[in-house]
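>>> no FASTA, just this:
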């Protein structure tokens, strides 16, 4: 998820944990990381054990939760197939 400006009071260090918590409400989270890409914060959350439809639902829930405190510039759900990440939404 590529994030834009904050629209609610939140400390920058709280962004990644809040997104991880939102995802964990509906899925088992394996990992969650935040990085800067071209000056924009990007959060990647990896979760397991779901069908494609369920994964998209988790992605929508997580995106909508993040949208409560920041502008979500881009969000996508991908799945690992052998050694590649393929988009499913």
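Perfect, I can see it now. Please read these numbers as outputs of a predicted model, since none were measured by experiment. Residues are numbered from 1 along each chain as shown.
>>> isn't residue 75 right next to residue 64, touching?
No: taking Cβ atoms under 8 Å as the contact criterion, residue 75 and residue 64 are not neighbours in contact, 9.5 Å apart. (C-beta placed from N, C-alpha, C; glycine too.)
>>> Which one of the two is surrounded by more residues?
When residue 75 and residue 64 are compared on other Cβ atoms under 10 Å, the one with more neighbours turns out to be residue 75, at 17 against 12.
>>> Run through the strands of this structure in chain order.
2-6, 28-37, 40-48, 70-74, 78-81, 84-87 (DSSP state E).
>>> gap between the first one and the chain center?
Put plainly, it is strand 2-6. Taking Cα atoms, centre = their mean, to the nearest Å, one finds strand 2-6 lying 12 Å from the centre of the chain it belongs to.
>>> Now that strand: buried residues?
When neighbours are counted by 16 or more other Cβ atoms under 10 Å, the buried residues of strand 2-6 are found to be residue 3.
>>> who touches that strand?
Residues from elsewhere that reach strand 2-6 (Cβ atoms under 8 Å, 6 or more residues apart in numbering): 15, 37, 40-43, 66, 69-75.
>>> mind redoing it with 6 Å?
40, 41, 42, 70, 71, 73, 74 (Cβ atoms under 6 Å, 6 or more residues apart in numbering).
>>> Kindly report the same for the second one.
Counting by Cβ under 6 Å, 6+ apart, strand 28-37 makes contact with 16, 20, 23, 41, 42, 43, 44, 45, 46, 47, 48, all of which sit outside it.
>>> Now tabulate these in a markdown table and tack on distance to residue 31.
Shown next, in a markdown table, are the contacts of strand 28-37 (distance: Cβ to Cβ, whole Å):
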| residue | distance to residue 31 |
| --- | --- |
| 16 | 11 |
| 20 | 9 |
| 23 | 10 |
| 41 | 16 |
| 42 | 14 |
| 43 | 11 |
| 44 | 8 |
| 45 | 7 |
| 46 | 5 |
| 47 | 9 |
| 48 | 10 |
